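*Asks:* got a structure for you, letters missing:
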């Protein structure tokens, strides 16, 4: 039973009176059903939260009646920080539990008979073992059985594993101590089974961080669209493992962690850093990275980080994705390194003073706290792993996992080089070029040394930095390369920095792939990244172009902002048709559910459907794009940031091109205008924006019958 209240403080007498009042009718109900009053337990809880936050915690009545201290301790454990705010009570709860005493079957007191009924053979880890068989009634109270053995009950058999000890209780239960003898420490030398285990354990840490972030965030971007990434990093900032989140974040996050390590020397346990600047490994400004060191024996032994796309960080338009930005300052607040948690205390004032111009400070604060909580979850799991295996073993397998990824990439490079080689040439070179809709080229010369089993990705010949916002931070180029390499590797390996060990990446400074630090970059992360991926996969001959951008759509007012990416058609490949209506390559987000979209914002979703026939023809056809029509119910500003509206996604090996995208504005008075690829407009109630995304390219010429 619960009662919703509003209050503050530790007025224990008041709460006890409420508990008693609420519990009395529940106790009477149980007694009326035959329960004995002395066997009924009343459990008492307060649901508390910090003032102005959205995440309450249920605190059971402490033995010392100090609810505030109990809340602070649990909040620190769950989220990794405290706030200098008063506590609010949302609910008073009672739980009434009836625990009747049960009649326990007791076995006779007798001396343990060490002679088993029989000895059989069982297979355990390490091979077949002689295994004695006992009957529980013959063992006697306090009887001790050393594993391996089998214990027969009336209707079942208990297996006591080797190195475990079983004790018979007076009720005939069996208490087992697991691994009662000492277990040898795992060697730091690589073992293939342990390598697989550690690969999954590392990845699981990042996955659990992601679950925590999604559960505790409040913005649509993170909670509903899953526009975030979490990962584990080595002491030098190298990526160890990531969850299957957004590829565009992952290579860039390693650069962000390395930048902080290089520029900060006063890391302290309990501190948390946030950053979003492209020069510090950022992707674009709404993507804020939260980085926390994992301390062991007073030094950082790992780093955990989470990157989330925030609803707004200021800038020229709501959502901080202005289509026509010309400088980084047009896109919102930019910062290289801000300490938001110091000695375990979250500093809301420093966040507010940093995110100048944001339209959604409450959402920013809540999502940043969720990111800190996700990192705290990662820290707890890393500590558990170290406690289980020791730090030298964990760090040794960190290196082994990266070495395995490097070996897999080397094998893939040789396989592809052999396919493209003309004779016995040592270095195989291929070149691929594509263009943005504005005409700026993305050029790549891929050189694979078959003897050294290494490759160079040289982007010389790519266009100069542009006046607009399709400039891509260099970290985004690294993300595109590492993602493409992982796609081409056939082995099951976690994506980590080891994939880049046999790779050299050369990007010309001053190009749109390595712009100046004040260049506009909001489109580089969401548009150019997709084109770089298409070019890399084209150089390898892997597949046709996919729809080539993230089809970014934002709208909002002076006090709110919404952002989404819309899927399209995937490119076909040598043995498959492209998928229709999906997010591909550098993006991996969901689309917001219509119910959530219409409940949270003044819009109606009029249409969301497959754009039939937009995929390219070929032996294998490209995937079809999507059509999404949103009607506005109130005046606001809406923006579209997209590509492949002028130049179509190209087919491969004779396959046809996918259809170009189209963005239309339908005014309430019946007028329809073309918004081109990038535009921001003021809309009124009844206006609709109609986004039609490109299809994927086809693969192979159509075979004539």
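*Replies:* Arrived safely. Just so it is clear, the model here is predicted, and its values are computed rather than measured. Residues are numbered from 1 along each chain as shown.
*Asks:* only C-alpha atoms from now on, for both contacts and neighbour counts.
*Replies:* OK.
*Asks:* how about the strands of the stretch 351-500 of the chain, start to end?
*Replies:* In the stretch 351-500 of the chain, the strands defined using DSSP state E, counting those that start in this stretch lie at 427-435, 441-449, 454-458.
*Asks:* closest to residue 133 out of the ones you listed?
*Replies:* strand 454-458 (59.0 Å; Cα to Cα).
*Asks:* starting at the chain centroid, how far to that closest one?
*Replies:* Distance, stretch centre to chain centre, for strand 454-458: 29 Å (Cα atoms, centre = their mean, to the nearest Å).
*Asks:* which SSE is residue 96 in?
*Replies:* strand 87-98 (DSSP states H and E).
*Asks:* quick one: contacts for the nearest residue in space to residue 207 that is not next to it in sequence?
*Replies:* What sits nearest to residue 207 in space, not counting adjacent residues and going by Cα to Cα, 6 or more residues apart in numbering, is residue 243, at 4.9 Å. Counting by Cα atoms under 8 Å, 6 or more residues apart in numbering, residue 243 touches 203, 204, 206, 207, 210, 229, 230, 231.
*Asks:* residue 471 too?
*Replies:* Residue 471 makes contact with 465, 511-515, 519-524, 528, according to Cα under 8 Å, 6+ apart.
*Asks:* give me the subset of those residues lying in helices.
*Replies:* 522, 523 (DSSP state H).
*Asks:* the contacts of residue 471: which two are farthest apart?
*Replies:* The largest separation in those, counting by Cα to Cα, is between 511 and 522 at 15.6 Å.
*Asks:* mind listing the strands for the stretch 501-650 of the chain?
*Replies:* 503-506, 552-556, 561-565, 603-611, 625-632, 636-641.
*Asks:* off-centre distance for the third one?
*Replies:* Centroid separation for strand 561-565 versus its chain: 18 Å, with Cα atoms, centre = their mean.
*Asks:* residues contacting that strand, please?
*Replies:* 220-221, 225, 311-312, 318-319, 359-360, 550-556, 589, 591-592.
*Asks:* buried residues in the helix or strand in which residue 213 is found?
*Replies:* Using DSSP H and E, residue 213 sits within helix 192-216. By 16 or more other Cα atoms under 10 Å, the buried positions in helix 192-216 come out as 195, 198-199, 201-210, 212-214, 216.
*Asks:* and stretch 343-360, by the same measure?
*Replies:* Using 16+ other Cα under 10 Å as the burial criterion, the residues of stretch 343-360 that qualify are 344, 345, 346, 347, 348, 351, 355, 357, 358, 359, 360.
*Asks:* could you do stretch 665-683 as well?
*Replies:* For stretch 665-683, by 16+ other Cα under 10 Å, it's 665, 666, 667, 675, 676, 677, 678, 679, 680, 683.
*Asks:* how about stretch 78-91?
*Replies:* 78, 79, 80, 81, 82, 83, 87, 88, 89, 90, 91.
*Asks:* pull the most distant pair out of those.
*Replies:* 80 and 91 (23.8 Å).
*Asks:* which residues sit against the helix holding residue 213?
*Replies:* Outside of helix 192-216, the residues within contact range by Cα under 8 Å, 6+ apart are 55, 222-224, 226, 228-232, 240-244, 367, 370-371, 373-375, 377-378, 381-382, 397-398, 400-401, 493-494.
*Asks:* just the buried members of the residues you listed?
*Replies:* 55, 222-224, 226, 228-232, 240-244, 367, 370-371, 373-375, 377-378, 381-382, 397-398, 400-401, 493-494.
*Asks:* among those, which ones are in helices?
*Replies:* 222-223, 367, 370-371, 373-375, 377-378, 381-382, 397-398, 400-401.
*Asks:* so residue 454 bridges to which residues?
*Replies:* residue 449 (DSSP bridges).
*Asks:* surely it is in contact with residue 428?
*Replies:* No: counting by Cα atoms under 8 Å, residue 454 sits too far from residue 428 to count as a contact (10.8 Å).
*Asks:* low-confidence ranges, the stretch 151-300 of the chain, go.
*Replies:* 180-185 (pLDDT under 70).
*Asks:* can you list residues touching both of residue 454 and residue 428?
*Replies:* In contact with both residue 454 and residue 428: residue 448, using Cα under 8 Å, 6+ apart.
*Asks:* picking that back up, and which of the ones in helices among the buried ones among the contacts of helix 192-216 is nearest residue 291?
*Replies:* Nearest to residue 291 among these, with distances taken as Cα to Cα, is residue 375, at 7.5 Å.
*Asks:* in contact with that closest one, which residues?
*Replies:* 209, 290, 291, 292, 304, 305, 306.
*Asks:* pLDDT value on it, please?
*Replies:* Residue 375 is assigned a predicted lDDT (pLDDT) of 96.
*Asks:* could you report the distance from it to residue 279?
*Replies:* Distance of residue 375 to residue 279, given as Cα to Cα, to the nearest Å: 23 Å.
*Asks:* how about residue 70?
*Replies:* Plainly put, residue 70 is 42 Å away from residue 279 if you go by Cα to Cα.
*Asks:* between these two, which one's more packed in?
*Replies:* Neighbour comparison, residue 70 and residue 279: the larger count goes to residue 279, with 21 against 15 (by other Cα atoms under 10 Å).
*Asks:* show me the contacts for the most centrally placed residue in the chain.
*Replies:* Among the residues of the chain, the one closest to the centroid is residue 229, at 3.4 Å (Cα atoms, centre = their mean). Neighbour list for residue 229: 210, 242, 243, 244, 245, 246, 249, 250, 306, 307, 308 [criterion: Cα under 8 Å, 6+ apart].
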